[in-house]
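Q: Fold the following for me, if possible:
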Amino acid sequence: MIRTIYLIILLGLVGCASTSQSNKQLELFFSSEQVTLTAEQHRKIIQFFSTFSYNQITATVGPAKLNNKFEALLHSQKRMQNIEKLAQEHQIPLTLEYSPQITIDTLLLRSN
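A: Prediction:
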């Protein structure tokens, strides 16, 4: 009986710890030609910023799915500028990264 109670408590603690880690990241996807944020993306980013307003946040942007690699880089830079503008408006410390290795048309926000 005592073992069962300990097991339930342990599972509860592990569940709480894993839940808090998964909430420290936000993953958003863009369409290939999209450089601005949709209303839903804007809302999710603002909510993430308000949740982790006292943490350093890292924004990792992947390349756009375009045939021309230079155009793909420019699209990613415009996306990064939009994220940076939102962070400045809400006074959030933000580190921007461009990562051609992550999934195409993806934005990852992580709280450090």
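Q: Is Leu74 located within a strand, as I assumed?
A: No. Applying DSSP: H, G, I helix; E, B strand; the rest coil, one finds Leu74 to be helix, outside a strand.
Q: That one - how many residues pack around it?
A: 14 (other Cβ atoms under 10 Å). C-beta here means a position set from N, CA and C on the backbone, and glycine is covered the same way.
Q: and whatever helix or strand Leu96 lives in, which strands flank it?
A: Secondary structure assigned from DSSP states H and E places Leu96 in strand 94-98. Counting by DSSP bridges, the strands paired with strand 94-98 are strand 57-61 (parallel).
Q: chain center to the strand it pairs with: distance?
A: 6 Å (Cα atoms, centre = their mean, to the nearest Å).
Q: oh, and call the first residue 29 from now on, that's how I've got it
A: That works, and once the first residue is 29, the last one we named lands at strand 85-89.
Q: now it: mean pLDDT?
A: Here strand 85-89 scores 92 as its mean pLDDT.
Q: residues in contact with it?
A: 76-77, 104, 107-108, 111-112, 115, 120-127, 130, 134-140 (Cβ atoms under 8 Å, 6 or more residues apart in numbering).
Q: Now the buried members of those residues.
A: 76-77, 104, 107-108, 111, 115, 120, 122, 124, 130, 134-139 (16 or more other Cβ atoms under 10 Å).
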